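1. output the structure for:
(chains A and B)
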There are 2 protein chains.
Amino acid sequence: MQKDKISIPVIRRLPRYYRFLGDLLENGVNRISSHELADKMGVTASQIRQDLNCFGGFGQQGYGYPVEGLYQEIGRILGLNHQYNVILIGAGNLGKAVGAHMAFEKRGFRLIGIFDNDEEKIGQTIHGYTVMDAAALEAFFSDHTVETAILCVPRTAASELAERLYRLGVRSFWNFSHYDLAMRYSDVIVENVHLNDSLMILCYKISDHKDTQTLREK
Amino acid sequence: MQKDKISIPVIRRLPRYYRFLGDLLENGVNRISSHELADKMGVTASQIRQDLNCFGGFGQQGYGYPVEGLYQEIGRILGLNHQYNVILIGAGNLGKAVGAHMAFEKRGFRLIGIFDNDEEKIGQTIHGYTVMDAAALEAFFSDHTVETAILCVPRTAASELAERLYRLGVRSFWNFSHYDLAMRYSDVIVENVHLNDSLMILCYKISDHKDTQTLREK
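-> All right, here's what the predicted structure looks like:
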């Protein structure tokens, strides 16, 4: 399998395939045709065949896709077999939600620490993790290898924190703050979660739909 | 301005322009060239010119873009001047984070109620909103017009809840649950936030980067 032949738009669609295939597995489905999968996912069968052909060897005309094999292969392409050490900074509501509800181990990561600088939050327990003092980050790094940091801090705190983590060697971030990390450091890997952007897109979809309705009603 | 001429990929990029232009405004910048904006956003100047030409009338050769005018126009296209009534269901950590930290009024929405079915959460206050009993949703709808629902509930609860809200007339959802609403109801507008997908993409980026490094080192 040659990763570099898979385009970014296809990669972006893989988590969705992975989720649907995982559901099928849970429901005891062993084989599925591109048409059935297309129906479930709301895309065309031809899109599915094109996407899944990118990493070849799956699906034979008339036999459909082996669900488990495809699920495993997509997981492998996404690198979910890894266990990258990750720390979470910011134990507010969002940090708590992320720390408590994400299945890190199934997504290629191992959560090894949660930090905050708020005295009220330090010492609290989130999903079995005791929130540590962010002032002790440097000491923590001398004992642990940390691959990735999750930033659940306000934008105002993100700049200084990112600088500290960068100096400590962190080069990949899951970024919930509104601070634009990638612009500041060219050699970091960043995946941003911009909830505001998502909300604005929802607003557009509603507004656009209403416009269309009004036009129809005229 | 003819909305239907703007393609979906351009629309998806508008919130990011909106954020950057908002920052420029806050910093007192009145005009910006496509090159300066491109540098800040990490895209090409030609991409910016192409995108912003879609809704015409902005930017003159050599004069740059008027920041405020462009900001307002993008907000208008996104429909942010609306105030769609929205309710939030699920007052767990994620619901609290969303309820307390999103600037709904600046994003086209007005949050008018937060609901949960957990007795411990009912009566709690989140950002000035008292969490109401989800059992009282029907009564609430008889007194209020609700455009949109935010689902911050577990996947297991989402199916029944979505059905209830659909019957009550809700046709747009900001969906944080992992339940695939759009597949169930063809006439609803859904914006999904799939944090799991984002985490998997981060894992891919890290894994892919390491592969590249290994190849280089060989």
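2. use CA for all of it now, contacts and neighbours both
-> Noted.
3. please parse chain A into its domains.
-> Domain assignment for chain A, taken from automatic domain parsing, gives A:3-78, A:84-196.
4. so the last one, near chain B or not?
-> Yes: judged by C-alpha under 8 Å from any C-alpha of the partner chain, domain A:84-196 and chain B are in contact via A:92-94, A:96-98, A:102, A:107-109, A:172, A:174, A:183, A:189-191, A:193, A:195-196.
5. show me where chain A has helices.
-> Assigned by DSSP state H, the helices in chain A fall at A:8-26, A:34-41, A:45-53, A:67-78, A:93-101, A:137-143, A:155-167, A:181-184, A:195-217.
6. where among the ones you listed is the average confidence lowest?
-> Of all the helices of chain A, helix A:181-184 carries the lowest average pLDDT, namely a mean of 72.
7. now the longest strand along chain A - C-alpha only, PDB.
-> Across chain A, the longest stretch assigned as strand under DSSP state E is strand A:109-116. Output of strand A:109-116 as PDB, limited to C-alpha atoms (Å, rounded to 0.1, in the frame of the first residue of the first chain):
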ATOM      1  CA  PHE A 109      -3.300   8.100  21.100                       C
ATOM      2  CA  ARG A 110      -2.700   7.400  24.800                       C
ATOM      3  CA  LEU A 111      -3.700  10.200  27.200                       C
ATOM      4  CA  ILE A 112      -1.000  10.500  29.800                       C
ATOM      5  CA  GLY A 113      -1.800  13.700  31.600                       C
ATOM      6  CA  ILE A 114      -4.300  16.600  32.100                       C
ATOM      7  CA  PHE A 115      -3.100  20.000  33.200                       C
ATOM      8  CA  ASP A 116      -4.500  23.400  34.200                       C
END
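8. for that strand, which strands pair with it and how are they oriented?
-> strand A:84-89 (parallel), strand A:132-133 (parallel) (DSSP bridges).
9. quick one: the domains of chain A as CSV, columns for mean neighbour count too.
-> As requested, the domains of chain A are exported to CSV (neighbours: other C-alpha atoms under 10 Å in any protein chain shown):
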stretch, mean neighbour count
domain A:3-78, 16
domain A:84-196, 18
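10. with distance to residue B:142 added, can I get these in a markdown table?
-> As requested, the domains of chain A are exported to a markdown table (distance: least, C-alpha to C-alpha, whole Å):
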| stretch | distance to residue B:142 |
| --- | --- |
| domain A:3-78 | 34 |
| domain A:84-196 | 30 |
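11. among the ones you listed, which is nearest residue B:45?
-> Of all those, domain A:84-196 sits nearest to residue B:45, with 15.6 Å by C-alpha to C-alpha.
12. pull up the distance across that closest one, start to finish.
-> Chord length of domain A:84-196, first to last residue, is 28 Å (C-alpha to C-alpha, to the nearest Å).
13. as a markdown table, the strands paired with strand A:109-116 with distance to residue B:38 and mean pLDDT would be great.
-> Formatted as a markdown table, the strands paired with strand A:109-116 follow (distance: least, C-alpha to C-alpha, whole Å; pLDDT from 0 to 100):
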| stretch | distance to residue B:38 | mean pLDDT |
| --- | --- | --- |
| strand A:84-89 | 30 | 98 |
| strand A:132-133 | 38 | 98 |
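14. between the ones you listed, which one is closest to residue B:179.
-> strand A:84-89 (26.0 Å).
15. got the contact list for the closest one?
-> The contact list for strand A:84-89 (C-alpha atoms under 8 Å, 6 or more residues apart in numbering or on different chains) reads A:95, A:99, A:108-116, A:134, A:145-153.
16. and with 6 Å instead?
-> A:109-116, A:146-152 (C-alpha atoms under 6 Å, 6 or more residues apart in numbering or on different chains).
17. tell me which two in these are the farthest apart.
-> Across these (C-alpha to C-alpha), the longest gap, 20.2 Å, separates A:109 and A:116.
18. by how many degrees do the longest strand of chain A and helix A:93-101 diverge?
-> Compare the direction of strand A:109-116 with that of helix A:93-101 by axes from the mean of the first three to the mean of the last three C-alpha atoms, to 10 degrees and you get 150 degrees.
19. pull the residues that contact strand A:109-116.
-> The contact list for strand A:109-116 (C-alpha under 6 Å, 6+ apart) reads A:83-91, A:104, A:131-134.
20. please name whichever of the domains of chain A is nearest to residue B:164.
-> Closest among those, once you apply C-alpha to C-alpha, is domain A:3-78, at 22.4 Å.
21. for that closest one, what is the distance to the chain centroid?
-> With C-alpha atoms, centre = their mean, to the nearest Å as the basis, domain A:3-78 stands 18 Å off its chain's centre.
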